[in-house]
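Enquirer: just need the structure, nothing else, for what follows:
(2 chains)
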There are 2 protein chains.
Amino acid sequence: MSVTVPQGFEAAGVAAGLKSTGKPDVAVVVNRGPLKVGAAVFTSNRAKANPIIWSQQAIQDGVVEAIVLNSGGANCFTGSFGFQTTHQTAETAAELLGISPGDVLVCSTGLIGTGDEVFRGKVLDGTRAAIAGLSSEGGQDAAHAIMTTDSVSKTSVVAGDGWTIGAMAKGAGMLAPGLATMLVVITTDAVLSPAEADAHLRAATRVSFDRLDSDGCMSTNDQVTLMVSGASGVAPDADAFRAALTDVCADLARQLQGDAEGASHDIAIHVTGAASEADAVEVGRSVARNNLFKAAIFGNDPNWGRVLAAIGTTAAAFDPYAVDVSFNGVRLCSAGAPDRPREEVDLTPRATSVLIDLKAGEASATILTNDLTHDYVHENSAYSS
Amino acid sequence: MSVTVPQGFEAAGVAAGLKSTGKPDVAVVVNRGPLKVGAAVFTSNRAKANPIIWSQQAIQDGVVEAIVLNSGGANCFTGSFGFQTTHQTAETAAELLGISPGDVLVCSTGLIGTGDEVFRGKVLDGTRAAIAGLSSEGGQDAAHAIMTTDSVSKTSVVAGDGWTIGAMAKGAGMLAPGLATMLVVITTDAVLSPAEADAHLRAATRVSFDRLDSDGCMSTNDQVTLMVSGASGVAPDADAFRAALTDVCADLARQLQGDAEGASHDIAIHVTGAASEADAVEVGRSVARNNLFKAAIFGNDPNWGRVLAAIGTTAAAFDPYAVDVSFNGVRLCSAGAPDRPREEVDLTPRATSVLIDLKAGEASATILTNDLTHDYVHENSAYSS
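Expert: Here you go, the predicted model:
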């Protein structure tokens, strides 16, 4: 049910022929109110797709009544024609829904450079079909329609004290800070102002999606949108809502990690003893992006030397010769020298934990990543995406 | 002949049992003068191996009489015992050569964390055996002894106006700015002061080794050393010497690129139209480190969208919607939109050229990298290194 679990939302997913497989590829989520509040965070990549450029303008007033999402083409670097396609998508949806185009967000995902007339025709037809099929039971169809190379659809629901949060996500690789080739729609029937929605969304994504770094490759099309109907009539406790929203985002982030293209390990890099949270994130990210480390994990090799070589490239405050490194609970390096034998570590389970104690302070952070595998290379070399 | 081509140098390479294959693994190069000038550049990784810590001190006075290099163990993060091993290596060489330990540099390469008593014994025995076998014909043996996963030895020689430069290098992956798991020894019989040697070496490495970025992974053990005997009696023209030294470094860099572990393409990323050289380097490096781009090249897919997605993550001055991107001479993207059809590009040759025109200025730079292949994953997951 995902995004249609909270009161006040309808959704649909249809097949518009954008995917050569004939699977669903256009989704629409509509907020029936009474509130029409929205907030969104976007990729920090300067190379932005047309739907990102559109949505960043449309979200300015904090009002979102509908969102149209397509897979099967990123509509990125497709010239002014491509921007007009996004604009026409919003106008088509707005006309059918009797709302303003400026209150319609658009998301696209797929191959960069895809956005010709055929693409436009299919997106517009799909938008019409999806709106004709809107239903308060349509959340799962929408979640399916945004899938690309995902092997499973990703949804999450949390119930609060009189309000609920529902969410759907797509993404399977190309995950990086500043978000990823990742589209997320979160709905809630809680009563929130635009400023509250924005603050809660930024706080939740900062410690969830922004700490998922599957392969260090930042997408041009990422967008996380929160739509607020207020249909429950309940103004939530701020801390409780933020915690629930963070749980939903963290749950989806773990689902995205678990479905990353070709991965055989889900790696949690825990950095403790940092002088600041920013240092902890920088150190964790340097390991998450180190191909030698990632290939070693694929080979079930607890190669702590590659961890130290990675963190030594950062500007974080620590003494490399004071650091402890543990794999799956076994401390292999202590204060710059070997500790337990690496044979004590079993890296065959998919869930992998690396603990780095910088011995430089009290701050900590966890970065989620995946290993570098034959299948990752295969999936990203054999197919354009 | 490599490092023994210039007058005034002797070298040797011996098998000391550090490699399980029984191949040569300890090399010594000695400068017989009359000058004993040296200069060196080191990895900028803060996680430094013991030989790096030693050599950075020993080079301070600009005097180098000998260098001892071993493969089969990095002697990195091996505690104070490991540092004593490096110290004893320099002392052993110095005693046999009748020179000061402070004029002996040490280099090691291999697995981080390797440096126990057995390792120490073999390194010291190997140092003694190599010094006993020093010869003015020993350059090639030395070049062989520093190989690890290299498939070929790397040497380069340039003759100037009355002086010569000889060089050897090892490295096959883990190549990144701030150098790589790369050991280089360059010799010359030209007459240079320590300040001249240092300035020439820094200028030459800045535009050669520092622009080779095989896999973005910076090593803990990299060192490039220039040894100056002055035996030709010729003080070279400064510009001519710097050009020749740059040629030697660029030649070795290309050899290292061509032998990168598992690579199937040698990729030159040319960035033009940059507002500054630093911008050009940053942009080129962002592409060189993008796994999706690297996997696409392996798949012979001229995926220009991944180039734009990579450069959009930089802070360089340019408009993403003004950029042109060409693959092997075919312009696929012009001013933010598709240009020529990607079918016109043939990526089957190993040599691959990507041209990025930022349209933002007059500066340029070229970064050398490799593709991301099944063999890269295999070689870096199946074996600890």
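Enquirer: tell me who's in contact with whichever residue of the stretch 51-200 of chain A sits closest to chain B.
Expert: Per Cβ to the nearest Cβ, A:Ile112 is where the stretch 51-200 of chain A lies closest to chain B, at 2.5 Å. (C-beta placed from N, C-alpha, C; glycine too.) If a contact means Cβ atoms under 8 Å, 6 or more residues apart in numbering or on different chains, then A:Ile112 has A:Ala49, A:Ala74, A:Cys76, A:Phe77, A:Thr220, B:Asn303, B:Trp304, B:Gly305, B:Arg306, B:Leu308, B:Ala309 as its contacts.
Enquirer: check A:Val152 too.
Expert: A:Gln255, A:Asp259 are the contacts of A:Val152 under Cβ under 8 Å, 6+ apart.
Enquirer: check contacts around the nearest residue in space to A:Ser55 that is not next to it in sequence.
Expert: Nearest in space to A:Ser55, with sequence neighbours left out and distances taken as Cβ to Cβ, 6 or more residues apart in numbering or on different chains, is A:Leu105 at 4.4 Å. Counting by Cβ under 8 Å, 6+ apart, A:Leu105 makes contact with A:38, A:40, A:51, A:54-55, A:58-59, A:64, A:66-68, A:90, A:223, A:225.
Enquirer: mind checking the SS state of A:Leu105?
Expert: strand (DSSP: H, G, I helix; E, B strand; the rest coil).
Enquirer: between the two ends of stretch A:134-144, how far is it?
Expert: 15 Å (Cα to Cα, to the nearest Å).
Enquirer: ok, back up a step: now, the contacts of A:Ile112 that are in helices?
Expert: Cross-referencing the contacts of A:Ile112 against helices under DSSP state H gives B:Trp304, B:Gly305, B:Arg306, B:Leu308, B:Ala309.
Enquirer: show me where pLDDT drops low in chain A?
Expert: A:1, A:172-180, A:383-385 (pLDDT under 70).
Enquirer: any idea how it splits into domains?
Expert: Following automatic domain parsing, chain A resolves into domains at A:2-258, A:266-382.
Enquirer: and the end-to-end length of the shortest one?
Expert: The reference is to domain A:266-382. First residue to last in domain A:266-382 (Cα to Cα) measures 23 Å.
Enquirer: out of the ones in helices among the contacts of A:Ile112, who's near chain A?
Expert: Checking these against chain A by Cβ under 8 Å from any Cβ of the partner chain, the ones in range are B:Trp304, B:Gly305, B:Arg306, B:Leu308, B:Ala309.
Enquirer: enumerate every residue touching the residue of chain A positioned farthest from its centre.
Expert: Going by Cα atoms, centre = their mean, the residue of chain A most distant from its centre is A:Ala337, 37.7 Å out. Neighbouring residues of A:Ala337 by Cβ under 8 Å, 6+ apart: B:Phe77, B:Thr78, B:Gly79, B:Phe81, B:Gly82.
Enquirer: repeat for A:Cys107
Expert: A:Pro51, A:Ser55, A:Ile67, A:Val68, A:Leu69, A:Asn70, A:Ile146, A:Leu183, A:Asn221, A:Gln223, A:Thr225.
Enquirer: what about those, which are in strands?
Expert: Among these, the ones falling in strands (DSSP state E) are A:Ile67, A:Val68, A:Leu69, A:Asn70, A:Leu183, A:Gln223, A:Thr225.
Enquirer: I'd guessed the fifth one sits against A:Gln223; true?
Expert: When you say that, I think you mean A:Leu183. Yes: using Cβ atoms under 8 Å, A:Leu183 is in contact with A:Gln223, at 5.9 Å.
Enquirer: highest neighbour count among the ones in helices among the contacts of A:Ile112?
Expert: Neighbour count (other Cβ atoms under 10 Å in any protein chain shown) singles out B:Ala309 as the most crowded of the ones in helices among the contacts of A:Ile112, with 33 neighbours.
Enquirer: how about that one, nearest residue that isn't a chain neighbour?
Expert: A:Thr220 (5.0 Å).
Enquirer: can you get me a residue count around the one you found?
Expert: 29.
Enquirer: just checking, it touches A:Thr43?
Expert: Yes: A:Thr220 is in contact with A:Thr43 according to Cβ under 8 Å; the separation is 6.4 Å.
Enquirer: give me the common contacts of the two.
Expert: A:Ile52.
Enquirer: if we can go back for a sec, need the contacts of A:Leu105 in TSV with distance to A:Thr366 and neighbour count, can you?
Expert: Converted to TSV, the contacts of A:Leu105 look like this (distance: Cβ to Cβ, whole Å; neighbours: other Cβ atoms under 10 Å in any protein chain shown):
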residue	distance to A:Thr366	neighbour count
A:Gly38	29	26
A:Ala40	25	26
A:Pro51	31	32
A:Trp54	34	25
A:Ser55	29	25
A:Ala58	33	22
A:Ile59	29	22
A:Val64	31	27
A:Ala66	35	28
A:Ile67	30	31
A:Val68	34	26
A:Ala90	37	25
A:Gln223	24	27
A:Thr225	25	24
